[in-house]
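K.L.:
What follows is a predicted protein model with its sequence.
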Amino acid sequence: MISRFFTAIYFCRPQRSYAVFRFLVTVFLLFRRRQRWLIWTPLSPTALVENIRSLGASFLKLAQVLATRADFFDQNYLQALRQLHDRMPAMSEKNRRRAFQKAFPDPEIFTEFDEQPLASASIGQVHKGILADSGKSVAIKLLRENIQFQVRIDILLLNLFLKIFRPLFSDQTRHSIESVLQAFSQVILQEVSMLQELANMEHFSQVYAESGIRFPIPYRKHCSDNALVMSFEEGIRIDDVASIQKLDITFSQLIQQLVIFYTEQMLVKGYFHADPHPGNLLVSPDGQLILLDFGMVSRIPKNMRQAMIYAVKAAYERNFDLLISATRKMGILTENSDFATLSSVAESLFDIFDSEHLDSSSMQDLAFGILDVLHDQPFKLPQDVIYVMRVSSLIEGLGTQYIENFNGVKDILPILKESLPRALGEDRLPLEKLKYEFLQLPVTAIKARKVIELAEQGDLVVRMTPADRQYLLTHMGKNLRSLSRLIFCLGLAFYFQFLQQSWSHYISIGCLLAAAFIILKKGDTT
């Protein structure tokens, strides 16, 4: 308890707390495109990177998330943030021994333990060992000492400063910032729990058993919340071009398998690996993909998956109404958006998906261009959409390493299009679809009857996104105020009309003119 008290003081010391404050001030000012708040200006890209490095593990992970947010930062900051990596110096021998003893009270479970780590990151480090009971080679992921406590303190500091900055933002921007930090807080807490990563790995292996991708096999009885013991997987990093070119496989096979696998995760199953980078993907000597590191695993709700599917479907079918509907369901757009501007953005998207209009622009350049157009619109990017952008960035980055003049749009979209019918459930044979729809008729009838009954009883509830609900309430309030003024003016006009005074007729006419003005004004604003 005493050691934790002093640890908390160390991580909350004034210098570090101020560094957290400056980090968030910079993020918020850049997001709002403001030059100053009180006496503070944004840190330069280089200073921001140094600031993040000084803050340690939690902020390195947060920076990796922010490095995908083209809706927050311009290219200079994005390029600087992408230079940040999660490779850290190995633990000192003293700290490593303490971490090992905490995770494995009985060290005799290993006949061999390589004290030199294979990899060292901000959360923990990986060692190679041999189990005593089976003689099998294993990878041992050892959590850094006090890292769980440090992460919880960092989340408290983030939430504290977020409350201070809330008045600086409108409803749209505030919800966007909060959603990013909330999603990050949930993911980072999972990543510092080895038991959570164990559960993720086991569930992932079950859900995607037929994917053709290989996953490490965990040894549950040796795992704890401080260490994860799993099979040692031999393979080449997927970005090691020279080594992979020696294998009897082609890059087109790898890219197709990757796209199909991530389509399955994000659009079909909704349970996905949220930390896609080359270090987590190996290629075995026989050409099989191996996925590592299940600390960051998340879920995409079914309604979000469906909206994402229909957004892609609308784009390659050039269906503007469906595209707007899908982006609204994803929470990207609200009723306040300028549909004239959105129409031009939609046309750009349609050209991207039309094979006759493809150019050599990268997927990221196209995405940044669209986000730049949308920046002044009332929109926000949900974190689920950001994960999709991270995957596309990974695949395109690999493509440019292996193939000269690789065109991510041209090479990836055909595979994605082929996968969409399966995600939409449209890959069934006509007879199977007819049988499925026939079996669904009783369920559909029951649902329709329930809706009618709820409507008759006055208990029908229509769910809306918070932004649309606020828009509806605001405009209803404006309409009601206009209606009340109109009724008041008409009431006065009729009242003075019945008075038997000469001056009352003039007042009555004035009230009628006021009522007419209210009607005309309302007509101009609708």
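P.N.:
Nice, I can see it. Numbers count the residues shown, from 1 in each chain.
K.L.:
If you count neighbours, what's buried in stretch 507-515?
P.N.:
Applying a neighbour-count criterion of 16 or more other Cβ atoms under 10 Å, the buried positions in stretch 507-515 are Ile507, Ser508, Cys511, Leu512, Ala514, Ala515. Heads up, the C-betas are built off the backbone N, CA and C, glycines and all.
K.L.:
Number of residues surrounding the nearest residue to the fourth one once chain neighbours are set aside?
P.N.:
This points to Leu512. Closest residue to Leu512 apart from its sequence neighbours, by Cβ to Cβ, 6 or more residues apart in numbering: Ala493 at 4.7 Å. Here the number of neighbours of Ala493 (other Cβ atoms under 10 Å) works out to 18.
K.L.:
do Asp106 as well
P.N.:
Asp106 has 8 nearby residues by other Cβ under 10 Å.
K.L.:
rewinding a little: next helix or strand past the one helix or strand the residue nearest to Leu512 maps to?
P.N.:
Here Ala493 is covered by helix 466-498, with elements defined by DSSP states H and E. In the C-terminal direction, the helix or strand that comes right after helix 466-498 (DSSP H and E) is helix 502-525.
K.L.:
who does that following helix touch, helix- and strand-wise?
P.N.:
When contacts are defined as 3 or more Cβ pairs under 8 Å, 6 or more residues apart in numbering; DSSP states H and E, helix 502-525 sits against helix 466-498.
K.L.:
ok, for Ala80, nearest residue in space, not its chain neighbours?
P.N.:
Beyond its immediate neighbours in the sequence, the residue positioned closest to Ala80 (Cβ to Cβ, 6+ apart) is Pro45, lying 3.5 Å away.
K.L.:
got a pLDDT number for the one you found?
P.N.:
If you check Pro45, the pLDDT there is 88.
K.L.:
quick one: it and Asn76 touch, right?
P.N.:
Yes - here Pro45 lies in contact with Asn76, judged by Cβ atoms under 8 Å, at a distance of 5.1 Å.
K.L.:
returning to that earlier point: now, among the buried residues of stretch 507-515, which is nearest to Asn303?
P.N.:
For those, the closest approach to Asn303 (Cβ to Cβ) belongs to Ala515, at 44.6 Å.
K.L.:
The residue nearest to Ala80: neighbouring residues, count only.
P.N.:
Residue neighbour count, defined by other Cβ under 10 Å, stands at 19 for Pro45.
K.L.:
what sits against it?
P.N.:
Contacts for Pro45 (Cβ atoms under 8 Å, 6 or more residues apart in numbering) come out as Asn76, Tyr77, Gln79, Ala80, Leu81.
K.L.:
Kindly reformat the residues you listed as CSV containing secondary structure and neighbour count.
P.N.:
Listed next are the contacts of Pro45 as CSV, based on DSSP: H, G, I helix; E, B strand; the rest coil; neighbours: other Cβ atoms under 10 Å:
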residue, secondary structure, neighbour count
Asn76, helix, 11
Tyr77, helix, 23
Gln79, helix, 12
Ala80, helix, 20
Leu81, helix, 21
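K.L.:
Show me which of the buried residues of stretch 507-515 is closest to Arg328.
P.N.:
Distances from Arg328 to the buried residues of stretch 507-515, taken by Cβ to Cβ, are shortest for Ala515, at 35.8 Å.
K.L.:
And the strands in the stretch 201-350 of the chain, which stretches?
P.N.:
In the stretch 201-350 of the chain, the segments counted as strands under DSSP state E, counting those that start in this stretch are 227-231, 236-237, 271-273, 281-283, 289-291, 297-299.
K.L.:
Now tabulate those in a markdown table and tack on mean pLDDT and mean neighbour count.
P.N.:
Compiled in a markdown table, those are given as follows (pLDDT from 0 to 100; neighbours: other Cβ atoms under 10 Å):
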| stretch | mean pLDDT | mean neighbour count |
| --- | --- | --- |
| strand 227-231 | 94 | 23 |
| strand 236-237 | 88 | 16 |
| strand 271-273 | 85 | 22 |
| strand 281-283 | 90 | 21 |
| strand 289-291 | 92 | 19 |
| strand 297-299 | 82 | 18 |
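K.L.:
and of those strands, who's closest to Asn200?
P.N.:
strand 297-299 (4.2 Å).
K.L.:
OK, contacts around the nearest residue to Leu282 once chain neighbours are set aside?
P.N.:
Setting aside the residues directly before and after it, Leu282 is nearest to Gly235 in space (Cβ to Cβ, 6+ apart), at 3.0 Å. By Cβ under 8 Å, 6+ apart, the contact set of Gly235 is Leu282, Val283, Ser284, Pro285, Ile290.
K.L.:
Between those, which sits nearest Met194?
P.N.:
Proximity to Met194 was ranked across the contacts of Gly235 by Cβ to Cβ; first place goes to Ile290, at 19.8 Å.
K.L.:
Nearest residue to the closest one in space, ignoring adjacent ones along the chain?
P.N.:
Counting by Cβ to Cβ, 6+ apart, the nearest residue to Ile290 once its immediate chain neighbours are dropped is Leu282, at 4.1 Å.
K.L.:
Does that neighbour touch Leu254 like I think?
P.N.:
No - under the criterion of Cβ under 8 Å, Leu282 lies out of contact with Leu254, with a separation of 11.4 Å.
K.L.:
got any residues that touch both of these two?
P.N.:
Listed as contacting both Leu282 and Leu254 by Cβ under 8 Å, 6+ apart are Ile238, Leu289.
K.L.:
separation between the closest residue to Tyr77 other than its chain neighbours and Arg34?
P.N.:
Using Cβ to Cβ, 6+ apart and skipping the chain neighbours, the partner closest in space to Tyr77 is Pro45 (5.1 Å). The spacing between Pro45 and Arg34, counted by Cβ to Cβ, to the nearest Å, is 17 Å.
K.L.:
repeat for Phe110
P.N.:
Counting by Cβ to Cβ, the gap from Phe110 to Arg34 is 55 Å.
K.L.:
Check Gly331 too.
P.N.:
Applying Cβ to Cβ, one obtains 24 Å for the distance of Gly331 from Arg34.
K.L.:
Neighbour count for those two, which is higher?
P.N.:
Taking other Cβ under 10 Å, Gly331 and Arg34 do not tie; Gly331 has more neighbours (22 against 12).
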